[in-house]
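A.B. asks: Structure, please.
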Amino acid sequence: MSHFIALGFGSGLSKKAPGTLGTLVALPFFLLINETNIIFQVLFVTVSFFIGLWASNITSESLKLKDPSCIVIDEVAAFLLLLILINPNLYQAIYAFILFRLFDIWKPYPISWLEEKYSGGFGIMIDDIGAALMAFIIYTITNYAF
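C.D. replies: All right, here's what the predicted structure looks like:
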């Protein structure tokens, strides 16, 4: 069960762009909880983070790799957080997706620092949360500019 979760319900097994595909897995979860109150949404993301931490820790240890690309639960939880923070329409969701993927791939400071400083499940999860928060900051600044 932990591997299935860590691999983003199978999306992480994609030979091409597993992180991008894993990010898209967050969309059905967002649509499922979008109409609930914000407290439930935050609780859902928090629980997702800790389940992801547990699952990615077990899976990375089993694979004997620090942060294998097939583990995508970090993208799922982090993009879900970003979607909850902005509550986007379709075009805003696409923009948020692009920003998130950019920061997740590029990993500018402090995201790179998080990735280097922490290991295990926490290390796998926290740099993507950092990418989501950076995407949120840029999204917020540019959304008000236009």
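A.B. asks: how near is residue 78 to residue 134?
C.D. replies: Using CB to CB, to the nearest Å, residue 78 is found at 10 Å from residue 134. For glycine as for every other residue, the C-beta is placed from the backbone atoms N, C-alpha and C.
A.B. asks: Looking only at neighbour counts, state which of the two leads.
C.D. replies: When residue 78 is set against residue 134 and neighbours are counted by other CB atoms under 10 Å, the residue ahead is residue 78, at 30 against 22.
A.B. asks: Was I right to think that one contacts residue 128?
C.D. replies: Yes - counting by CB atoms under 8 Å, residue 78 touches residue 128, with 3.7 Å between them.
A.B. asks: between the two, what contacts are shared?
C.D. replies: Contact criterion CB atoms under 8 Å, 6 or more residues apart in numbering; residues bridging residue 78 and residue 128 by contacting each: residue 104.
A.B. asks: Check what contacts stretch 1-21 and list those residues.
C.D. replies: In contact with stretch 1-21 (CB under 8 Å, 6+ apart) are residues 22, 24-25, 51-52, 54-56, 58-60, 62, 69-73, 75-76, 101, 104-105.
A.B. asks: Just the buried subset of these, please.
C.D. replies: By neighbour count, with 16 or more other CB atoms under 10 Å, those hold 22, 24-25, 51-52, 54-56, 58-60, 70-73, 75-76, 101, 104 as buried.
A.B. asks: What is the neighbour count of residue 109?
C.D. replies: When neighbours are defined as other CB under 10 Å, residue 109 has 9 of them.
A.B. asks: Tell me who's in contact with it.
C.D. replies: Contacts for residue 109 (CB under 8 Å, 6+ apart) come out as none.
A.B. asks: Over to it. Which of the three states is it?
C.D. replies: Using DSSP: H, G, I helix; E, B strand; the rest coil, the structure places residue 109 in coil.
A.B. asks: how close does it get to residue 77?
C.D. replies: Counting by CB to CB, the gap from residue 109 to residue 77 is 22 Å.
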